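Asks: coordinates only, sequence not included:
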Ligand SMILES: [Mn+2]
């Protein structure tokens, strides 16, 4: 028997009963839900395509789905998931409209912190135990897409760092103010960014603790020291420790992205997995494989990259990790449903590993 749970990540446009059935058919029991819609800029037709890589215009407008963060709606999602045999386990990512000034240290910072506390209380009320977040100015940006995986499967990668400034009105690769003045955000120091993260965590973690919610930090994807002229926080495996040490608490957790950690130039992914799962702070795991290191890497199929997932699962079991593991991104497979086929392949492989290794 294993206690590792298999989860499925639902992009906003996939919150429907068909995709919920698909996830359950794949063997998932837990749902990680994206309430932010990153695909609004790419149009409905391309929504079954891979994750958007984000060019100069980013992932489009933030806040499009901000009105959906209500008790009523979250309970509705929970009920619908439950009716398909899925537990509403986590919400992944805050909408930039809720915290742009927390990230940027802007005038609305404290007001937005109060809003984030309310979101944490809301999650507690609904029984969602984790909120994943990514404290980043440039966000997931500056990547490329191509036939990088086995058999020419389309996936994302990186080839050099994007050093164009993040435009005013944009943060975390989404536009929160379409009427912002021209120009870009001035570069800040890495130290300043850590101070902003500390401010956020010191305010939010006590509320998370009271409400039985864990905040879970995603590392910087892609993991480079600067992107779009802005610093990054967790771009080497050891930097996660600094985040955990800000406040030792079960609520101060990690959204542990194996692919991103494998792309880091220092340390190694097995030691990092062992180190952080043995501390008990990993809330959930993103699982994907990769070939190469930042700033030059390619995302590939789960069984062909640099990471040996047999070794990873052995470490997880040894450390009695009992959280949730979800496939992160996968290469798309040539067929009528490229995204779904890639996802089913990844989850099937995960299921087999979990059954085979004991
Ligand atoms: Mn990830």
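Replies: Structure received. Quick caveat, the model's predicted, so the values are computed rather than measured.
Asks: The nearest residue to residue 296 once chain neighbours are set aside: what's it in contact with?
Replies: Nearest non-adjacent residue to residue 296, counting by CB to CB, 6 or more residues apart in numbering: residue 159, 5.7 Å away. In this view, the C-beta of every residue, glycine as well, is placed from N, C-alpha and C. Residues near residue 159 by CB atoms under 8 Å, 6 or more residues apart in numbering: 144, 295, 296.
Asks: Which of those has the largest number of neighbours?
Replies: When neighbours are taken as other CB atoms under 10 Å, the top entry among the contacts of residue 159 is residue 295 (20 neighbours).
Asks: Residue 162 is in contact with that one, correct?
Replies: No. Counting by CB atoms under 8 Å, residue 295 stays clear of residue 162, with 9.4 Å between them.
Asks: Can you lay out the contacts of residue 159 as CSV showing pLDDT, distance to the ion and secondary structure?
Replies: Compiled in CSV, the contacts of residue 159 are given as follows (pLDDT from 0 to 100; distance: CB to the ion, whole Å; DSSP: H, G, I helix; E, B strand; the rest coil):
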residue, pLDDT, distance to the ion, secondary structure
144, 92, 17, strand
295, 96, 17, coil
296, 97, 18, strand
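Asks: shouldn't residue 354 be in contact with residue 313?
Replies: Yes. Judged on CB under 8 Å, residue 354 makes contact with residue 313 at a distance of 6.5 Å.
Asks: who touches both of those two?
Replies: residue 4.
Asks: When these two are compared, which one has more neighbours?
Replies: Each of residue 354 and residue 313 has its neighbours counted (other CB under 10 Å); residue 313 has more, 22 against 19.
Asks: does that one count as helix, strand or coil?
Replies: With DSSP: H, G, I helix; E, B strand; the rest coil as the basis, residue 313 sits in helix.
Asks: Residue 74 and the ion, how far apart?
Replies: From residue 74 over to the ion the distance is 23 Å, taken as CB to the ion, to the nearest Å.
Asks: cool, residue 60 as well?
Replies: 20 Å.
Asks: Also residue 208?
Replies: Per CB to the ion, residue 208 is found 21 Å from the ion.
Asks: Wait, that residue touches residue 214, no?
Replies: Yes. Proximity of residue 208 to residue 214 meets the contact threshold set by CB under 8 Å, at 6.6 Å.
Asks: Overlap in contacts, these two.
Replies: Contacts common to residue 208 and residue 214, judged by CB under 8 Å, 6+ apart, are 131, 251.
Asks: burial count for residue 186?
Replies: When neighbours are defined as other CB under 10 Å, residue 186 has 10 of them.
Asks: Hmm, I typed the wrong one, I wanted residue 107.
Replies: Residue 107, neighbours per other CB under 10 Å, totals 9.
Asks: in what helix or strand does it lie?
Replies: Of the helices and strands defined by DSSP states H and E, none includes residue 107.
Asks: Could you find the closest non-adjacent residue to it?
Replies: Closest to residue 107 by CB to CB, 6+ apart is residue 101, at 6.4 Å.
Asks: where does the protein have low pLDDT?
Replies: 1-2, 41-57 (pLDDT under 70).
Asks: Not counting stretch 258-269 itself, show me its contacts.
Replies: Contacts for stretch 258-269 (CB under 8 Å, 6+ apart): 158, 218-223, 235-238, 272-273, 285-290, 292-294, 297, 299, 305-307, 312, 328-329.
Asks: switch the cut-off to 7 Å
Replies: 219, 221-223, 235-238, 272-273, 285-290, 293-294, 297, 299, 306-307, 312, 328 (CB atoms under 7 Å, 6 or more residues apart in numbering).
Asks: tell me the contacts of the closest residue to residue 357 other than its chain neighbours?
Replies: Leaving out its chain neighbours, the residue that sits closest to residue 357 by CB to CB, 6+ apart is residue 313, at 5.0 Å. Counting by CB under 7 Å, 6+ apart, residue 313 touches 353, 354, 357.
Asks: and residue 261, what helix or strand is that in?
Replies: helix 258-263.
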